[in-house]
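# the following comprises the amino acid sequence and a computationally predicted model.
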Amino acid sequence: MSITLSNAAFTFVGAGSMAEAIVRGLTSLKDGNPERITMLNRQDAARLHDLQQRYGIRYAVEAEARNLAIAQADVVIVAFKPKDAIEGLKALSPQLKRNQLLVSVIAGLSAATIEDILGRSDQPIARTMPNTSSSIGLGATGIAFTAAVSADQRELASAMFASTGIAAVVEEARLDIVTGVSGSGPAYIYYMMEAMIEGGIRGGLTPEAARQLTVQTVLGAAKMVELTGEEPAELRRKVTSPNGTTQAALETLDRFDFAAGVTQAVLRAAERAGELGQAISAQAANR
Ligand SMILES: NC(=O)C1=CN([C@@H]2O[C@H](COP(=O)(O)OP(=O)(O)OC[C@H]3O[C@@H](n4cnc5c(N)ncnc54)[C@H](OP(=O)(O)O)[C@@H]3O)[C@@H](O)[C@H]2O)C=CC1
Ligand SMILES: O=C(O)[C@@H]1CCC=N1
């Protein structure tokens, strides 16, 4: 029997924001089966209990139960911070079987470095870059596979992330820029929303009204790009009357180099992903 989204067993090693976003997406599926999801972390048992209460997943704390959860998984997802990658992967290495798919969501960490830390190159690995909007089915994930990943496993990983939004298979070298655009991207939008709300409040709106109007504006703008198929620049032009309010606002943004700042932010996030990956790689080589 081939493994599919409905019969696969998933074990999450790391139970923080990103793991929760994926689990929330997976468990909200029609045939999402929380009983097939087990979550582990390092020390925060209260957090695991809370996740169980909210999503109906299983969790393990004791060493024996943790080992069993890893042994029984079809897919092991590593979702810890880059700084914990070497220790976490080294501990996993003797437990992983060659037929288990290892999914990493860790920013910057290359498949080659994972193989180096595991001490072998035959582990099927899907390196991914999701985002937190996965939790509401609106995630955007880039995925790259190593040669050891079977066709079934590719399909399973793609289905797993497609179930939490959209998933695009990309060359591994492109995952850092995916991180810059969509991995970190929600934070840029939230930052802009914070500033729009602040502007509304300063202009005399109640915080509630400023928030509501901002949220609907961002939702509407994203939907306009999606549903009309028009370029953002064209849609922007349609909002901007000559000598009108939008022109005045955009000229103000230009004075602060808004567009250049956002583009540089995307590129810097990608560069930072590379730096994080290189730091782990250098540390792994010096072990
Ligand atoms: N947040 C985001 O928007 C995105 C994050 N990512 C990537 O996801 C990863 C996780 O980020 P995030 O969820 O924000 O991090 P969090 O700090 O929220 O969660 C990290 C989790 O890892 C656990 N952990 C650490 N070391 C180990 C270990 N050795 N064994 C088991 N569990 C361990 C921690 O457990 P405990 O609390 O018990 O110490 C905690 O549950 C990062 O590598 C990041 O690059 C990718 C895309 C988007
Ligand atoms: O900030 C970070 O490093 C992680 C990776 C992408 C989003 N958050």
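Received the coordinates, thanks. Ligands and ions are numbered 1, 2, ... in the order given.
# any idea how far Gly200 is from Glu208?
Distance of Glu208 to Gly200, given as CB to CB, to the nearest Å: 10 Å. Every C-beta, even on glycine, is put in place using the N, C-alpha and C of the backbone.
# neighbour-wise, which of those two wins?
The neighbour count for Glu208 versus Gly200, taken as other CB atoms under 10 Å, is higher for Gly200 (18 against 8).
# which strand or helix spans the closest residue to the more buried one other than its chain neighbours?
In space, and not counting its chain neighbours, Gly200 is closest to Ala210: 3.0 Å by CB to CB, 6 or more residues apart in numbering. For Ala210, the host element (DSSP states H and E) is helix 207-228.
# show me what that helix is in contact with.
The contact list for helix 207-228, computed with CB atoms under 8 Å, 6 or more residues apart in numbering, reads 189, 192-193, 196-201, 205, 230, 232, 235.
# among those, which one sits closest to ligand 2?
Using CB to the nearest ligand atom, Ile189 is the member of these that lies nearest ligand 2, at 12.7 Å.
# how close does the closest one get to ligand 1?
12 Å (CB to the nearest ligand atom, to the nearest Å).
# and the nearest residue to that residue once chain neighbours are set aside, what pLDDT?
Closest residue to Ile189 apart from its sequence neighbours, by CB to CB, 6+ apart: Val218 at 6.5 Å. Looking at Val218, its pLDDT is 98.
# distance check, Val218 against Gln212.
11 Å.
# closest residue of the stretch 151-287 of the chain to ligand 1?
Residue nearest to ligand 1 within the stretch 151-287 of the chain (CB to the nearest ligand atom): Gly183, separated by 4.5 Å.
# phi, psi of that residue?
Here is the backbone geometry of Gly183 (degrees, to the nearest 10): phi -70, psi -50.
# about what we covered before: please pick the buried ones from the contacts of helix 207-228.
Burial by neighbour count, 16 or more other CB atoms under 10 Å: within these this picks out 193, 196-197, 200, 205.
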